[in-house]
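Undergrad: Can you look at this prediction? I've put the sequence above it.
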There are 2 protein chains.
Amino acid sequence: MTLATSLFAPVEADLRILRDNLRQLVGAQHPVLRAAAEYLFGAGGKQLRPALVLLAGRATVKGSDLTPRHRRLAEITEMIHTASLVHDDLIDQSDTRRGVPTVHSYFGGQVAVLAGDFLFAQASWYLANLDNLEVVKLLSKVITDFAEGEIRQSLMAYDTSITLEDYLEKSFYKTASLMAGSLKAAGLLSDLSSPEADQLYSFGKHFGIAFQVVDDILDFTATAETLGKPTGSDLMGGTLTAPALFALREQPELRVLIGRKLEEPGDLEAALGFVHRSSGLERAWALATDYTRQAVEALAVLSPSPARQALIDLTDYNLSRRY
Amino acid sequence: MTLATSLFAPVEADLRILRDNLRQLVGAQHPVLRAAAEYLFGAGGKQLRPALVLLAGRATVKGSDLTPRHRRLAEITEMIHTASLVHDDLIDQSDTRRGVPTVHSYFGGQVAVLAGDFLFAQASWYLANLDNLEVVKLLSKVITDFAEGEIRQSLMAYDTSITLEDYLEKSFYKTASLMAGSLKAAGLLSDLSSPEADQLYSFGKHFGIAFQVVDDILDFTATAETLGKPTGSDLMGGTLTAPALFALREQPELRVLIGRKLEEPGDLEAALGFVHRSSGLERAWALATDYTRQAVEALAVLSPSPARQALIDLTDYNLSRRY
């Protein structure tokens, strides 16, 4: 499930600088956080979000190179994303992510709270110093959306009455809001007009949801080895995603299993079976494809460039993730 | 250690509105957080920080009443303060605060992370919507200062080589920065000139440190009943404050006890004895008095008013706290 690095070609050098800066920022002054910083911003991260920001910056900037503010925005985006992962894993008590122990399971809950707070705080400070009130508002909204998404997810656990719309809203809050807000912000830093910047927002929003839907499909179809966690983990933890919600419409027995939190022996296997025998996975692919189409349409506002092409290629790549 | 309410007289009605708004904000939409909100913004809080902001607003505003932005700033200040308490208690594993269980010990660590993040996030969003970039920068700096202070505190535990300056810096980050930044912001929202607003910053900084020094003295002199935690808790947890740092200069045996983390039976009692027999408490009072004098001097920039008088009275009140 790692992103093929060549897709990031137009911003590969930029991403190297970004990674060094983030490691430096978090680790250099603070021995307590040094190990966590190496861990968080070491070689393993896929850096999808800052890559999107840097690509959007390169696709829109008027001069020949990115400005320091575009680079700073990409760093802010990765810091917010990382902070939210660290706290989410702690809240959800997830012990591994992509096959490696999470910060709280490796360094303890105290370091996890501290590291997340430090990253959120530093991100707000950098954000204010971009000196652009509209960008500050966009990204502050993203931070509240994360908290909203995490709360909604906890409220929706094992609730078979939730609708596809509830799921899409939660996916927006937890995944797409950051992509939408940071991509629009990249456009604003390139002095795009407001309608043009709104199209970048639309790209981020639709791509973000498509990305989340594919992630949620893979939770049913990929192997534990690829996922870095057991197949069906979302369902087991009570998170009902697109494939399960579609399957529930056809398989009433699935409701019973989820209603009892898959607690009896064999429940998870039976539930996975119901999802696979339904049209749930197929309809989830159709959903991801539809959102991808809308994402690509939004890019029509940009002039052709290697960076714009890379954004389009990323949407293709997302739909090609099958295991 | 509760603040005499009459000191807040000029803003008592404002504080009632603030408390209702905060309870509403956090609890109304989110059942998960409702109990925590009642708990955090119920009748128990002393609301010192929003009271300072509201008093500074009333002491400087040009019209006859506070503006909605002053009120919002006071809410933001209380939200940031509360969020930091909730996360600090979790990081420090403190089970009680002012005699009542902390959020993490009552509702669990997950709710504590979530509630703190929600409050920080909502505070950033409100902040951005004050539409004043200088105010956004001031308060973002405060949020990074909190994280910095918490990290420094964890680095300094049981370290007898720390200086009074280290202690004062840490106290600035953890306590005075919020008072300084939010008071200056209140002045900016009243359209004070930059030098005038800087005097409010100076008041908040010096009063904040004086307030922290008195709190730290009380940890040695007050009863467990008044403190809501055992006497000497700071020292026991490795936090070396002004009285202990002064005492260390006169009582070399104290260094030995702290060096072994007060782990042998009778160590805490012996250490408290050394501090009481030294000039540590007296010198800490002198320090608090000196910072208070500087705080009051900074208020000379404001015209006399009941609100300005209340700020002066609060500094007197702080020095009168003896148990």
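TA: Structure received.

Undergrad: Chain B contacts on the stretch 101-250 of chain A?
TA: Applying CB under 8 Å from any CB of the partner chain, we find that the stretch 101-250 of chain A lies next to chain B at A:109-110, A:113-114, A:116-118, A:120-122, A:124-125, A:127-129, A:131, A:133, A:136-137, A:140-141, A:143-144, A:146-147, A:150-151, A:154-155. No exception for glycine: its C-beta is placed from N, CA and C like everyone else's.

Undergrad: ok, of the residues you listed, which come out buried?
TA: Among those, those that count as buried by neighbour count (16 or more other CB atoms under 10 Å in any protein chain shown) are A:109-110, A:113-114, A:116-118, A:120-122, A:124-125, A:127-129, A:133, A:136-137, A:140-141, A:143-144, A:146-147, A:150-151, A:154.

Undergrad: and residue A:209, how many neighbours does it have?
TA: For residue A:209, the neighbour count with other CB atoms under 10 Å in any protein chain shown is 27.

Undergrad: Check residue A:38 too.
TA: If we define neighbours as other CB under 10 Å, then residue A:38 has 13 of them.

Undergrad: So the helix or strand hosting it, near chain B or not?
TA: Using DSSP states H and E, residue A:38 sits in helix A:31-41. Yes. Using CB under 8 Å from any CB, helix A:31-41 reaches chain B at A:31-33.

Undergrad: ok, and what's touching that helix?
TA: A:19, A:22-23, A:25-28, A:78, A:82, A:86, A:103, A:106-107, A:111, A:114-115, A:118, B:151, B:154-155 (CB atoms under 8 Å, 6 or more residues apart in numbering or on different chains).

Undergrad: Repeat that for stretch A:277-295.
TA: Applying CB under 8 Å, 6+ apart, the contact partners of stretch A:277-295 are A:202-203, A:205-207, A:209-210, A:213-214, A:216-217, A:220-221, A:241-247, A:250-251, A:275, A:315, A:318-319.

Undergrad: Mind checking which of those residues are in helices?
TA: The members of the contacts of stretch A:277-295 that map onto helices under DSSP state H are A:202-203, A:205-207, A:209-210, A:213-214, A:216-217, A:220-221, A:242-247, A:250, A:275, A:315, A:318-319.

Undergrad: Of those residues, just the buried ones, ChimeraX syntax please.
TA: Of the ones in helices among the contacts of stretch A:277-295, the buried ones go into a single ChimeraX selection, burial set by 16+ other CB under 10 Å:
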select /A:202,203,205,206,207,209,210,213,214,216,217,220,221,242,243,244,245,246,247,275,315,318,319
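
Undergrad: Of the contacts of helix A:31-41, which count as buried by neighbour count?
TA: Buried members of those, counted by 16+ other CB under 10 Å: A:19, A:22-23, A:25-27, A:78, A:82, A:86, A:103, A:107, A:111, A:114-115, A:118, B:151, B:154.

Undergrad: hang on, the earlier thing: show me how far the helix holding residue A:38 is from its chain's centre.
TA: With CA atoms, centre = their mean, to the nearest Å as the basis, helix A:31-41 stands 21 Å off its chain's centre.

Undergrad: Equivalent analysis for stretch A:19-38, please.
TA: Using CA atoms, centre = their mean, the offset of stretch A:19-38 from its chain centre is 22 Å.

Undergrad: Tell me the span between the first and last residue of it.
TA: One end of stretch A:19-38 to the other measures 10 Å (CA to CA, to the nearest Å).

Undergrad: Mean confidence (pLDDT) on it, please.
TA: Averaged over stretch A:19-38, pLDDT sits at 79.

Undergrad: Just the ones of the contacts of helix A:31-41 in strands?
TA: If you go by DSSP state E, the contacts of helix A:31-41 have nothing in strands.

Undergrad: Take those residues and keep only those in helices.
TA: The helices, defined by DSSP H, take in A:19, A:22-23, A:25-27, A:78, A:82, A:86, A:103, A:106-107, A:111, A:114-115, A:118, B:151, B:154-155 from the contacts of helix A:31-41.

Undergrad: quick one: low-confidence parts of the stretch 1-150 of chain A?
TA: Along the stretch 1-150 of chain A, segments meeting pLDDT under 70 span A:1-5, A:28, A:43-44.

Undergrad: Apply 50 and report the result again.
TA: A:1-2 (pLDDT under 50).

Undergrad: Minimum distance to chain B, which residue of the stretch 201-323 of chain A gives it?
TA: Residue of the stretch 201-323 of chain A nearest chain B, by CB to the nearest CB: residue A:237 (13.1 Å).

Undergrad: Could you pull up phi and psi at that residue?
TA: Dihedral pair for residue A:237: phi -80, psi 0, per degrees, to the nearest 10.

Undergrad: Quick check: the gap between it and residue A:88.
TA: For residue A:237, the distance to residue A:88 (CB to CB, to the nearest Å) stands at 12 Å.

Undergrad: Between these two, which is the more surrounded one?
TA: Applying other CB under 10 Å to residue A:237 and residue A:88 shows that residue A:88 carries more neighbours, namely 21 against 16.

Undergrad: what about residue A:34, neighbour count?
TA: Residue A:34, neighbours per other CB under 10 Å, totals 14.

Undergrad: same question, residue A:95
TA: Using other CB under 10 Å, the number of residues around residue A:95 comes to 12.

Undergrad: so it touches residue A:105, yeah?
TA: Yes. Between residue A:95 and residue A:105 there is a contact under CB atoms under 8 Å: 4.4 Å.

Undergrad: What residues of stretch A:296-304 count as buried?
TA: Of the residues in stretch A:296-304, A:296, A:298-299, A:301-302 count as buried by neighbour count, 16+ other CB under 10 Å.
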